[in-house]
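Participant: task: produce atomic coordinates for the following.
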Amino acid sequence: MVTDCDGVLTDGCAWYSDSGEAMKRFSLRDGMGVERLRKLAGIETAIITGESTLTVKRRAEKLRIQNLFQGISDKGECLTQLASQLGLELNEIAYIGDDVNDLSAIKLCGLSAAPADAFEGITQTVDYLTQRKGGDGAFREFAELIIHSQTEKTDSNE
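Facilitator: Below is the predicted model of the structure:
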């Protein structure tokens with residue numbers, strides 16, 4: 001599962017000080033979604049973001065997300081390269097994003113989602129629109145949908 005950062009894992013806001021970006025607000029519930037994807041469904045999470053900050057690097061490290069791509073302008077190209085690197089087909093990847101810079105990745109992946117407060121052009125394009133807003137559990141909601149679908153497959157194969 002691949003996610004954008006700002007507007008999905010955060011509420012899309014950043015606090016700035018005189019020395020630059022100071023803080024972003026992340027939902028701990030979304031972090032649990034990353035962990036549950038890994039533990040319950042064997043699915044790793046990647047982050048592709050247009051921003052490049054130490055804050056996002058530290059959050060990815062905390063969540064043990066090994067595939068972090070920052071400063072990316074063409075997310076579709078990055079997603080294609082990631083799929084190749086991992087030996088996956090693009091239709092095996094889920095992606096959640098909230099704005100126009102996510103559109104190229106959304107159009108390539110097998111399952112797409114957006115937070116409830118995403119840009120209108122995105123909400124009309126994705127397969128699933130969460131009820132939760134970015135930074136307020138949208139990632140977790142999408143993760144739980146995927147976990148549930150994977151555990152249903154496992155249960156039906158027994």
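Participant: could you give the number of residues near A46?
Facilitator: 19 (other CB atoms under 10 Å). C-beta here means a position set from N, CA and C on the backbone, and glycine is covered the same way.
Participant: what about it, distance to E152?
Facilitator: Between A46 and E152 the distance is 24 Å, computed by CB to CB, to the nearest Å.
Participant: for F119, which non-adjacent residue is spatially closest?
Facilitator: Spatially, and ignoring its direct neighbours in sequence, F119 is nearest to D99 (4.8 Å; CB to CB, 6 or more residues apart in numbering).
Participant: list phi and psi for G7.
Facilitator: With angles defined as degrees, to the nearest 10, G7 sits at phi 100, psi -10.
Participant: could you find the closest non-adjacent residue to it?
Facilitator: Nearest residue to G7, sequence neighbours excluded (CB to CB, 6+ apart): D98, at 3.5 Å.
Participant: and that neighbour, what does it touch?
Facilitator: D4, D6, G7, V8, G12, A114, P115, D117, A118, F119, I122, G134 (CB atoms under 8 Å, 6 or more residues apart in numbering).
Participant: swap in 10 Å and give it another go.
Facilitator: By CB atoms under 10 Å, 6 or more residues apart in numbering, the contact list for D98 reads 3-10, 12, 113-119, 122-123, 126, 133-135, 138.
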